[in-house]
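Q: Need coordinates for the below:
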Amino acid sequence: MTRRLCMAAIGVCVSCLSLAAVARDEPAAEKPPEKIMPPQDGLYLGQTTFERGEVKLLERAIGRKVAIVVDPLLSPGAEEAGEPGALSFNVEEAREYWEQGYVVMAVAYEAYPGHKPFTVDKLIRGGYDKELTRLVAQFRQFGKPMFFLTAREPNGVLSPYWGGYGPKGDKSFDWAFRNRKAFTEFKPPKGPEGNPKLFKGLGRDDQNDGIERLAAAQRYYYDFFIRREKLTFLTFESMGWAVGPPLVTDQPPDPAEAYERKMFAKATFWDLYELIKDHTDWVSINWYVTTHPGEEDEPGVSNVVRPLSDFTKSMDTFLTKLEKVAPGKPVLLTETGFPPPEAGKKMTECMKLLLSHKNVKGVIFWTDSDTLCQVRPGEPEAKVLKAMIEKAPEKFPAKATCFAAESEIKAVGPD
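A: Just a heads-up that it's a prediction; the model follows:
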């Protein structure tokens with residue numbers, strides 16, 4: 001199963017504190033919806049699972065129960081826009097995770113036009129509302145706090161299209177580069193009834209269309225599920241941006257690629273976050289510490305071993321800036337991998353760094369035989385993490401808590 005298939009169906013479970021007040025001689029008031037709340041100290045641990053048993057494998061390896069489970073089978077149909085009945089949410093499986101003390105992350109149609117025939121343009125014009133309404137009924141039936149995912153890793157596995165280019169949003173990044181049309185083709189509609197300014201600030205000629213469409217999708221889903229359908233137990237994350245050191249290339253700049261560089265210059269995490277900050281509860285990022293070259297290295301990139309310090313320094317810089325750009329927003333690493341060699345050393349240095357940043361509140365470990373990121377019993381990285389937990393168990397809460405959502409949900413959008 002691909003990372004995209006997996007992450008398009010993320011599911012995360014969290015146990016919650018009841019905040020409902022009970023009157024002395026009157027029936028208990030209805031419990032208000034809740035969102036996922038970061039721990040006051042330390043961070044939640046989680047596991048992506050392709051097969052049953054992988055969560056327990058991690059827990060056995062580190063001697064600690066995790067709070068978050070990412071299961072791709074919870075939300076089938078996320079890549080199948082246009083297929084009747086494909087989009088759904090597995091309520092029974094989600095309940096099973098909840099009863100075991102975990103929490104889940106849901107998804108609708110992933111905002112990626114590479115999943116033909118999906119387009120963001122159709123989404124934000126209400127073209128998928130019928131399918132989304134059926135999904136709402138399943139979300140409401142489950143009714144527990146969970147993260148919501150709009151798209152997974154736009155600058156990684158989704159980078160062939162980002163959020164889409166061209167007049168209809170069905171064209172690729174390469175099409176936009178070849179036709180020099182990456183900045184002027186996206187024309188968002190007026191916002192939906194009750195929130196006409198939802199897309200204010202989008203459709204500008206100085207912003208990358210692919211980034212703007214991702215932002216439009218995030219805003220639309222947030223408005224649809226939170227404001228319109230009152231599913232206030234959904235906690236929105238920011239699409240898992242891949243963070244890593246700059247590529248080391250042995251090729252001189254190619255003048256023919258100047259437009260492509262311009263496209264990338266306006267397609268950064270900071271560009272995207274500025275457009276979705278009012279529609280995001282947690283900032284999500286992905287981090288794979290692959291210090292050694294592999295088969296997926298791009299042509300022209302030097303096949304040299306990258307020192308671990310390159311990865312820790314780049315992440316430290318990113319998180320430090322993020323504390324200023326998104327003050328108070330908790331950070332969730334939705335994909336994390338410390339593959340060999342030196343997996344134990346990577347776990348030591350990287351977890352030490354993450355724990356030093358107080359805005360980092362969750363780390364979900366990836367599992368995949370191709371990347372060798374599964375933390376297994378007896379392996380160096382497992383021993384390191386287990387020792388950290390035994391030394392300071394309060395830093396790794398096994399359950400997450402929640403807070404009550406506001407009773408009145410208003411339209412959210414740029415001023």
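Q: which is the next helix or strand following the helix or strand hosting residue 317?
A: Assignment of secondary structure by DSSP states H and E places residue 317 within helix 308-325. Note on helix 308-325: by DSSP H and E, the next helix or strand toward the C-terminus is strand 331-337.
Q: In three-state terms, label residue 189 for me.
A: Reduced to three states with DSSP: H, G, I helix; E, B strand; the rest coil, the structure at residue 189 is coil.
Q: buried set for stretch 89-104?
A: Applying a neighbour-count criterion of 16 or more other C-beta atoms under 10 Å, one finds 89, 90, 91, 93, 94, 95, 97, 98, 101, 102, 103, 104 buried in stretch 89-104. Yep, even glycine has a C-beta here, placed from its N, CA and C like the rest.
Q: The fifth one contacts residue 104, doesn't it?
A: Yes. Residue 94 sits in contact with residue 104 when judged by C-beta atoms under 8 Å, with a separation of 4.9 Å.
Q: For the closest residue to residue 269 other than its chain neighbours, what are phi and psi?
A: Excluding the flanking residues, the one nearest residue 269 by C-beta to C-beta, 6 or more residues apart in numbering is residue 241, at 4.5 Å. The phi/psi pair for residue 241 (degrees, to the nearest 10) reads phi -70, psi 130.
Q: where in the stretch 151-300 of the chain is pLDDT low?
A: Scanning the stretch 151-300 of the chain with the threshold set as pLDDT under 70 gives 247-253, 293-300.
Q: swap the cut-off to 90 and go again
A: Residues of the stretch 151-300 of the chain that meet the criterion pLDDT under 90 lie in 246-257, 291-300.
Q: Now do the strands in it.
A: Counting by DSSP state E, counting those that start in this stretch, the segments of the stretch 151-300 of the chain that form strands are 234-236, 241-242, 283-288.
Q: Show residues contacting the last one.
A: Residues from elsewhere that reach strand 283-288, judged by C-beta atoms under 8 Å, 6 or more residues apart in numbering: 153, 156, 237-244, 269, 273, 311, 315, 318, 322, 326, 329-337, 339, 350, 359, 366, 371, 373.
Q: which stretches of the stretch 101-250 of the chain form helices?
A: In the stretch 101-250 of the chain, the segments counted as helices under DSSP state H, counting those that start in this stretch are 120-123, 129-142, 173-179, 209-222.
Q: and among the ones you listed, the most buried is which?
A: Per-stretch averages of neighbours, counted by mean count of other C-beta atoms under 10 Å, single out helix 209-222 among these, with a mean of 28.
Q: show me the residues around residue 325 that make contact.
A: When the contact criterion is C-beta under 8 Å, 6+ apart, the partners of residue 325 are 270, 273.
Q: Next, find the distance separating it from residue 273.
A: Taking C-beta to C-beta, to the nearest Å as the criterion, residue 325 is separated from residue 273 by 7 Å.
Q: ditto for residue 204
A: When distance is defined by C-beta to C-beta, residue 204 is 16 Å away from residue 273.
Q: More neighbours: which of these two?
A: Of the pair residue 204 and residue 273, residue 273 is the one with more neighbours under other C-beta atoms under 10 Å, namely 19 against 12.
Q: Out of the buried residues of stretch 89-104, show me where the pLDDT dips lowest.
A: Taking pLDDT as the measure, the buried residues of stretch 89-104 have their low point at residue 104 (89).
Q: separation between it and residue 314?
A: According to C-beta to C-beta, residue 104 stands 31 Å off from residue 314.
Q: ok, now residue 207?
A: The spacing between residue 207 and residue 314, counted by C-beta to C-beta, is 25 Å.
Q: Over to residue 384?
A: Between residue 384 and residue 314 the distance is 21 Å, computed by C-beta to C-beta.
Q: Which one's more surrounded, those two?
A: residue 384 (23 against 15).
Q: Using neighbour counts, pick out the buried residues of the helix or strand harbouring the more buried one.
A: Assessed by DSSP H and E, residue 384 sits inside helix 380-391. Within helix 380-391, the residues that count as buried by 16+ other C-beta under 10 Å are 380, 381, 382, 384, 385, 386, 388, 389.
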